[in-house]
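Participant: Okay, sequence plus prediction incoming.
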Amino acid sequence: MVELNRDVVIVGAGAAGLTAANELKKAGLSVAVLEARDRVGGRLHTDVIEGAMLEIGGQWVSPDQDALIDTVAELGLETFSRYRDGDSVYVGPDGVAKRFTGEMFPVSPETEAVIAEITERLDAMVAEIDPDRPWAHEKAAEWDSISWDAWLRAQTDDDEAVRNLAFATGSAMLTKPTHSFSLLQSLLMAASAGSYSHLVDADFILDKRVVGGLQQVPLLLAERLGDDVFLEQPVRTIDYSDGGVTAIADGMTVRARFAILALAPNLYPRISFVPALPRLQHQMHQHISMGFVIKVHAVYDRPFWREQGLSGTAFSPYELSHEAYDNTNHGDERGTLVGFVSDQRADDVFRLSAEERKERILESLSHYYGPEAKNPIVYYESDWGSEEWTRGAYAASFDLGGLHRYGADLRSSVGPIHFACSDLAGAGYQHVDGAIRMGRLAAEQILQEARA
Ligand code: FDA
């Protein structure tokens, strides 16, 4: 058993933990980062599958994400824009694929008017929300007591409008059924990106990618830490007092003045705390859970949809794959599509055999792009639900009523233990940008305490 003494022990080598470790090290503190997996990056994972480079986890960068944009630039990485020339496709309740341009789906004028009016109302509500303190809004309790679905259905009886409005924060972001989280949680998701309109604008939210893959961010951050990152070290026990922390992993023990738990909050209960965490944390952590989405990668010998004048951007709240995009790599002659199957639909297809599931998902993609979509040369499903050290995708959120009840306490430290993760963020919530912001914040708090 290796024994180390450091100023700060960081549990988790995702974007949050590695950012915090770099900030602390720059300020002169000694650090050790303990990572459960045999690689760094957490929910960022770029890999080559059957000869195709795939972004198995997070990949897109949007223009509001200053913390990520600065980090990418500082690490010397280059970005490129998502392919978006040509028409998008929408499949409506009649199952017919319709081409469109711009942000409004090709729905009837009546449905379009309803969507536009509710979007305007949502933008006004989101403008009143501070993403760092959504619980502080005067209507927070009321907005956290009604589900996103119930609120939308109370605004209109136009089912197609409701489904299209709902999926921006539902299937596409929180990846939970829209009856299972609140209006307030939905407003936070939108506020974290600046507005509800930003979230529904694919050209904004899915703007750029990093050449060579986004996992380079954690890989390069880890490189700067050298021997201070320890892989295959799941932390099982944290012993703490006002005097410091002892983190016990499978092969090592680190004694430190402070700890940062830089893992997804749904995983905190996997660690034994001695003494036990306070009552509030015990309760709160039971009300945060991971959403679930399958990210589907289909690679073809060429981006055939471009020949038909299609951008690759496709949406339908009625389809198994509710959204799909051109995800061709920078400089690659082959064409890659990425599709997403979310929440209960993801549960349902995982009840099928792998072959049947593939067939069903490719069938859904073919409704957008035609029969050629059914024959990729490489097919891969990112299944984060089966990853022990994540247990879902994309990120964690409160159940109905939890955000107002516990949100203010989510980031509070417990003695020498601090918390940092994308799932605790305001701006950049559930995104790499938020992970970096939370890593910086935890480091800043510790530096202040260390100097006091
Ligand atoms: P993260 O979960 O990455 O890191 C936590 C680390 O802690 C992990 O490495 C884990 O192994 C480790 N750990 C857990 N328990 C431990 C223990 N007991 N001991 C030691 N280590 C432990 N974002 C974005 O900005 N753009 C995008 O396009 C996408 N798309 C996307 C797609 C998919 C499929 C996923 C899964 C996620 C995204 N995201 C995204 C979200 C984004 O990837 C995510 O928010 C951040 O990468 C999270 O970084 P963190 O460091 O906060 O947690």
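Facilitator: Great, that's in hand.
Participant: only C-alpha atoms for contact and neighbour calcs from this point on.
Facilitator: Noted.
Participant: which secondary structure element contains the nearest residue to residue 23 once chain neighbours are set aside?
Facilitator: Leaving out its chain neighbours, the residue that sits closest to residue 23 by Cα to Cα, 6 or more residues apart in numbering is residue 443, at 6.3 Å. Element membership of residue 443 [criterion: DSSP states H and E] is helix 432-451.
Participant: what's the average pLDDT for that helix?
Facilitator: On average, the pLDDT along helix 432-451 is 97.
Participant: Over to stretch 359-376?
Facilitator: 98.
Participant: Check which residues of that stretch are buried.
Facilitator: Burial within stretch 359-376, assessed by neighbour count using 16 or more other Cα atoms under 10 Å, is assigned to 360-365, 367-369, 373-376.
Participant: which outside residues touch it?
Facilitator: If you take Cα atoms under 8 Å, 6 or more residues apart in numbering as the criterion, stretch 359-376 is touched by 89-91, 97, 298-301, 304-305, 312, 314, 319-321, 324, 339.
Participant: The same query, at a cut-off of 7 Å, please.
Facilitator: 89, 97, 298-300, 305, 314, 319-321 (Cα atoms under 7 Å, 6 or more residues apart in numbering).
Participant: From the chain's centre, how far out is the helix holding residue 443? Work that out for me.
Facilitator: Computed by Cα atoms, centre = their mean, to the nearest Å, the chain-centroid distance of helix 432-451 equals 19 Å.
Participant: helices and strands around it, which ones?
Facilitator: helix 15-26, helix 66-74 (3 or more Cα pairs under 7 Å, 6 or more residues apart in numbering; DSSP states H and E).
Participant: Just put these in a markdown table and tack on distance to residue 434 and mean neighbour count.
Facilitator: Below are the helices and strands packed on helix 432-451 laid out as a markdown table (distance: least, Cα to Cα, whole Å; neighbours: other Cα atoms under 10 Å):
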| stretch | distance to residue 434 | mean neighbour count |
| --- | --- | --- |
| helix 15-26 | 8 | 26 |
| helix 66-74 | 8 | 16 |
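Participant: Of the contacts of stretch 359-376 - the most surrounded one?
Facilitator: Highest neighbour count within these: residue 321, with 29 neighbours (other Cα atoms under 10 Å).
Participant: need the strands for the stretch 251-400 of the chain, in chain order.
Facilitator: 252-261, 272-274, 288-290, 293-300, 310-315, 323-326, 335-342, 378-382, 396-398 (DSSP state E, counting those that start in this stretch).
Participant: Nearest to the ligand, out of those strands?
Facilitator: strand 293-300 (5.6 Å; Cα to the nearest ligand atom).
Participant: and for that closest one, what are the contacting residues?
Facilitator: 175, 334-343, 346, 376-383, 393-394.
Participant: just the buried members of the residues you listed?
Facilitator: Buried, going by 16+ other Cα under 10 Å: 175, 335-343, 346, 376, 379-383, 393-394, out of the contacts of strand 293-300.
Participant: filter those residues by proximity to the ligand?
Facilitator: 393-394 (Cα under 6 Å from any ligand atom).
Participant: Bridged to the nearest residue to residue 382 once chain neighbours are set aside, which residues?
Facilitator: Distances taken as Cα to Cα, 6+ apart place residue 295 nearest to residue 382, at 5.1 Å, with adjacent residues excluded. Assessed by DSSP bridges, residue 295 has beta-bridge partners residue 340, residue 382.
Participant: what about residue 295, how many neighbours?
Facilitator: 24.
Participant: What of residue 98?
Facilitator: 16.
Participant: For it, grab phi and psi.
Facilitator: phi -120, psi 140 (degrees, to the nearest 10).
Participant: quick one: contacts for it?
Facilitator: 89-91, 106.
Participant: can you put those residues in CSV and add pLDDT?
Facilitator: Formatted as CSV, those follow (pLDDT from 0 to 100):
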residue, pLDDT
89, 98
90, 98
91, 98
106, 96
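Participant: and the stretch 1-150 of the chain, which residues reach the ligand?
Facilitator: Going by Cα under 6 Å from any ligand atom, the residues of the stretch 1-150 of the chain near the ligand are 11-17, 34-37, 40-44, 56-61.
Participant: among those residues, which are in strands?
Facilitator: Of those, the ones assigned to strands by DSSP state E are 11, 34.
Participant: Buried subset of the residues of the stretch 1-150 of the chain next to the ligand, written for PyMOL?
Facilitator: Restricted to buried positions by 16+ other Cα under 10 Å, the PyMOL selection for these reads:
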select buried, resi 11+12+13+14+15+16+17+34+35+36+37+40+41+42+43+44+56+57+58+59+60+61
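Participant: contact partners of the helix-or-strand element of the chain with minimal mean pLDDT?
Facilitator: Every helix and strand of the chain was ranked by mean pLDDT, DSSP states H and E. The lowest is helix 202-205, at a mean of 88. Contacts to helix 202-205, defined as Cα under 7 Å, 6+ apart, come from residues 62-63, 198-199.
Participant: coming back round to it: what's the closest of the buried residues of stretch 359-376 to residue 410?
Facilitator: Taking Cα to Cα as the measure, residue 410 lies nearest residue 361 of the buried residues of stretch 359-376, at 37.0 Å.
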